[in-house]
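Colleague: model the structure of this input:
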Amino acid sequence: MPHSNISVFVPNVGCPHTCAFCNQRTITGTEKIPRGDDVREICAKALHEVKSPEDTEIAFFGGSFTAIPRKYMLELLSAAREFVGEGRFAGIRLSTRPDYIDGEVLEILKSNGVTSIELGAQSMCDDVLCANERGHTSADVENAAELIKLYGFELGLQMMIGLYKSTPARERESFEKICGLVPDTLRLYPVVILEDTKLGELYKSGEYKPFDFETAVELCFEFLISAEEKGIRVIKLGLHASEFVEEKMLGGFYHPAFRELCEGKIYRNSIENVLAFGGNLKVTSAVLSVPARSLSKALGHKKSNVKYFADRGVSVKIIPDKEQTQAVKITEINGTAVK
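Modeller: Numbers count the residues shown, from 1 in each chain. Below you'll find the model as predicted:
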């Protein structure tokens, strides 16, 4: 099923901990707590605007949904469930903490139209989780993931890149453990350091020194390729572009087109592989075709891939082909057509 959401933000209500990196108001851009009627209004409007509601889920994000007061949780679920099934939306998606999942709550979710559950794993290294005041362990993630799959829900996992006390090696360790849980979907969030957070204080004091931006891009590029090879859909890469985040950020790895940076790097590697086919042939110019839908990825963010090759003495022209399925095809090299 193509991934599409009608998002309802429930900021902070269910969170039993204030994690070192979290300022939920800044991330969501809101502090208003939705009620059942707000959910109905959002869903009714979306039902008339979305082209394929049968491929769309109502999604509760922004807090730890299964940790909110039970009466309030049921109020929201009851309102959303009115818009699920029979030509309406496909189901309900929610995000929560791994230590607030058990058989009882999964039974409630199952009977109220929930189809997908995302867990904020963030890291699978217990010392990193502790340093960032997550309040749960990697074992909690493993146990919750197993239960969610046992009850037949789609499993999503969320991972943060570059947390306090983490390193590139620890990120790769966490990623492999997350993939070992065989989630259906994955969200990769490079850390953004925000004002009014513990992480912000550590950053300003100099105690927390994140690795550089290019390392974060390299890791996410690597994870994106690996996840796709394993059949795991990466449905989000980087925080969504937000004026609230840009106003409150102190540092970290925010970029409004972070996924595009990573996908551009994937295409850069593909182009390098194609240009290397001639062995000892010195390439000075090339015309390449790519599927039309992938043109922006192939060009790179702000045509960074074209510039990358130009800086290395190769003039590259990339053209779209509506019929092409092959990622990159060379059509001309050093002024000579290639069949």
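
Colleague: quick one: the helices in the stretch 51-200 of the chain, in order.
Modeller: 70-81, 103-111, 126-131, 138-150, 168-180, 198-205 (DSSP state H, counting those that start in this stretch).

Colleague: please identify the buried residues of the second one?
Modeller: So the one you mean is helix 103-111. 105, 106, 109 (16 or more other Cβ atoms under 10 Å). Using the backbone N, CA and C atoms, a C-beta is placed for each residue, glycine as well.

Colleague: using a markdown table, lay out those together with pLDDT and distance to residue 181.
Modeller: Compiled in a markdown table, those are given as follows (pLDDT from 0 to 100; distance: Cβ to Cβ, whole Å):
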| residue | pLDDT | distance to residue 181 |
| --- | --- | --- |
| 105 | 97 | 19 |
| 106 | 98 | 16 |
| 109 | 98 | 19 |
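
Colleague: neighbours around residue 70, how many?
Modeller: The burial count assigned to residue 70 is 11, neighbours taken as other Cβ atoms under 10 Å.

Colleague: so how far is residue 285 from it?
Modeller: 66 Å (Cβ to Cβ, to the nearest Å).

Colleague: tabulate the buried residues of helix 103-111 (JSON lines), appending distance to residue 117.
Modeller: As requested, those are exported to JSON lines (distance: Cβ to Cβ, whole Å):
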{"residue": "105", "distance to residue 117": "10"}
{"residue": "106", "distance to residue 117": "8"}
{"residue": "109", "distance to residue 117": "7"}
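
Colleague: wait, which of those residues is closest to residue 317?
Modeller: residue 109 (52.1 Å; Cβ to Cβ).

Colleague: how about the contacts made by that closest one?
Modeller: 66, 77, 94, 117, 153 (Cβ atoms under 8 Å, 6 or more residues apart in numbering).

Colleague: nearest to residue 18, of the helices of the stretch 51-200 of the chain?
Modeller: helix 198-205 (7.7 Å).

Colleague: the worst-scoring helix or strand of the chain on mean pLDDT: what's the following helix or strand?
Modeller: Sorting the helices and strands of the chain by mean pLDDT, DSSP states H and E puts helix 24-28 at the bottom, at a mean of 52. Going down the chain from helix 24-28, the next helix or strand is helix 36-49, by DSSP states H and E.

Colleague: good, we can wrap up now.
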